[in-house]
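**Q** one predicted model, sequence on top.
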Amino acid sequence: MKNKSLVSINDYTKDEIIRILDLAESFERQPRQDILKDKVIASLFFEPSTRTRLSFESAAQQLGASVIGFSSAATSSVQKGETLKDTILTVSNYSDLIVMRHSVDGSARWASEVSPVPIINAGDGANQHPTQCLLDLYSIRKTQGTLDNLDIMFVGDLKYGRTVHSLTMALCHFNTRFHLVSPVELKLPSAVKQHIKSAKLQYEQYTELSEVIPKADILYMTRIQRERFPDPIEYEKVKNSYNLTLSMLENARPNLKVLHPLPRVNEINTDVDSSPMAYYFQQAQNGVYVRQALMAAILGRV
Amino acid sequence: MSDKRKELIVSAISNGTVIDHIPTDRVFQVIKILGLDQLSNPLYFGVNLESKKFGSKGIIKVSNKFFEHEEINKIALVAPSATLIEIRDYEVVDKRDVTIPETVDKIVKCVNPNCITNKEEVTTHFNVIYDENNVMKLSCRYCEKNTSKENIFFI
């Protein structure tokens, strides 16, 4: 994967995914290493995302890299009408690797085609967010000890949630049983279900949350994202569909962990936070190790 | 009406290409995709013609123009039933069906308004895929969204 861009989780084979997770484990044991001391990493956030940007920048700096970039399009030359291609070509003169987030779908693939240095996609519109996917896989493996043969339950907006789509695709490598809980309007798109079927795996669809919890090893909650709805009336109908409370976890398997890509709104009640099953804050922490692993691998230092 | 007479509803050509069995409502689209409206060659076309196979059909005849496989396959997206007949000196020298290509580049617009190909000057690239009902779709290399047949819009 040296010098190779990561745009979509589908760019990586199962072995490449596992290699990143193994590397991330070693960075978790020792996050501060000087291995990227002579490297410059550009962090181009055309669209603001505090969590992802800080996680990348912290990961880079803990490995000794210098970080340049901007945190919103307003403070970049995009403001002056510069095209993405021109920005990428310019910044590639100053850096060894570009991490980018952009509101336009497909912008990261396009950037990877024009850029002489590798690109890591930190989210392109509603399309892909592969580092979120890798940190989710890392969190699942860390808490369950394996990725194979698990019962994974997805809850919420399975239609528009890109996180769910990428993670489902990636989990198809690992003989997962999928339990899909969503309002009827927000079911997993048929293209993604088709992917599960072609991997010869099983999925079940539900609308009720509580009955499914005892069947799961991982309960992956998602926010119903207002910004993805073309019609605000549709959003109003479904926005309060799910609310996970502590009492609902009573009959859960003891190894169950609750994951969430964050930010949450009201889909996980704050009384769950104190439960040992709540894992969403540690999950975010794992993002740093996974991003360290990726940057080190792409820059050929591990 | 004899077969010969029927053919002559649209003039016979001495040299060139006949594209037959086009769905009748796709004839103008085919003309546009192949850029036939930009040529100075004599061009004949017919729509709502009687067809045993399809009920009704369209036909295009263009003089002194021959197509490469790749070029003609562009029309497979809108007219998969079309037959291509090459005429030289009034004789049929080649007859073949169009085949749907594995990739479609440059000619189709991505259905997703938020795709980079609709925001900046980026050439479109699609992989041709088939869903579980064997319906053809175009999968955008950039935004990864699928454009279904009824949404295909030619650039």
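**A** Thanks, I have it. What you see is a predicted model; the values in this text were computed from it and never measured.

**Q** please count neighbours and contacts with C-alpha atoms only from this point.
**A** Noted.

**Q** check the secondary structure at B:K61 for me.
**A** Put simply, B:K61 is strand when judged by DSSP: H, G, I helix; E, B strand; the rest coil.

**Q** in the stretch 151-300 of chain A, which residue sits nearest chain B?
**A** A:Q194 (6.9 Å; Cα to the nearest Cα).

**Q** just give me the neighbour total for that residue.
**A** Neighbourhood size, A:Q194 [other Cα atoms under 10 Å in any protein chain shown]: 13.

**Q** nearest spatial neighbour of it, skipping sequence neighbours?
**A** Leaving aside its sequence neighbours, A:Q194 sits nearest to B:E132 (Cα to Cα, 6 or more residues apart in numbering or on different chains; 6.9 Å).

**Q** state the number of residues packed around the one you found.
**A** Using other Cα under 10 Å, B:E132 has 13 other residues around it.

**Q** ok, the one 5 residues further on next?
**A** By the measure other Cα under 10 Å, the count of residues near B:K137 is 21.

**Q** also A:A293?
**A** 26.

**Q** now it, what are its backbone angles?
**A** phi -60, psi -40 (degrees, to the nearest 10).

**Q** and the most far-flung residue of chain A relative to its centre, how close does it get to B:L36?
**A** Most distant residue from the mean C-alpha position of chain A: A:K80, 31.0 Å away (Cα atoms, centre = their mean). Here A:K80 is placed at a distance of 41 Å from B:L36 (Cα to Cα, to the nearest Å).

**Q** residue contacts, A:T222?
**A** Residues near A:T222 by Cα atoms under 8 Å, 6 or more residues apart in numbering or on different chains: A:F154, A:V155, A:G156, A:D157, A:G161, A:H260, A:P261, A:L262, A:R264, A:E267.

**Q** which parts of chain A are strands?
**A** A:40-45, A:66-70, A:97-102, A:119-124, A:151-155, A:177-181, A:203-206, A:218-221, A:257-259 (DSSP state E).

**Q** mean pLDDT, mean neighbour count and distance to chain B for these - can I get that in a markdown table?
**A** As requested, the strands of chain A are arranged in a markdown table below (pLDDT from 0 to 100; neighbours: other Cα atoms under 10 Å in any protein chain shown; distance: least, Cα to the nearest Cα, whole Å):
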| stretch | mean pLDDT | mean neighbour count | distance to chain B |
| --- | --- | --- | --- |
| strand A:40-45 | 98 | 23 | 16 |
| strand A:66-70 | 97 | 18 | 21 |
| strand A:97-102 | 98 | 25 | 10 |
| strand A:119-124 | 97 | 27 | 8 |
| strand A:151-155 | 98 | 24 | 22 |
| strand A:177-181 | 98 | 23 | 19 |
| strand A:203-206 | 97 | 14 | 16 |
| strand A:218-221 | 98 | 24 | 24 |
| strand A:257-259 | 98 | 24 | 26 |
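
**Q** quick one: the helices in the chain, in order.
**A** Just going to use chain A. A:14-29, A:50-62, A:84-92, A:107-114, A:130-144, A:162-171, A:190-198, A:232-238, A:280-298 (DSSP state H).

**Q** think we crossed wires, I meant chain B
**A** Counting by DSSP H, the helices of chain B are B:3-7, B:27-33, B:69-73.

**Q** could you export the strands of chain A as TSV, including distance to B:N41?
**A** Formatted as TSV, the strands of chain A follow (distance: least, Cα to Cα, whole Å):
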stretch	distance to B:N41
strand A:40-45	52
strand A:66-70	55
strand A:97-102	47
strand A:119-124	46
strand A:151-155	60
strand A:177-181	59
strand A:203-206	57
strand A:218-221	63
strand A:257-259	65
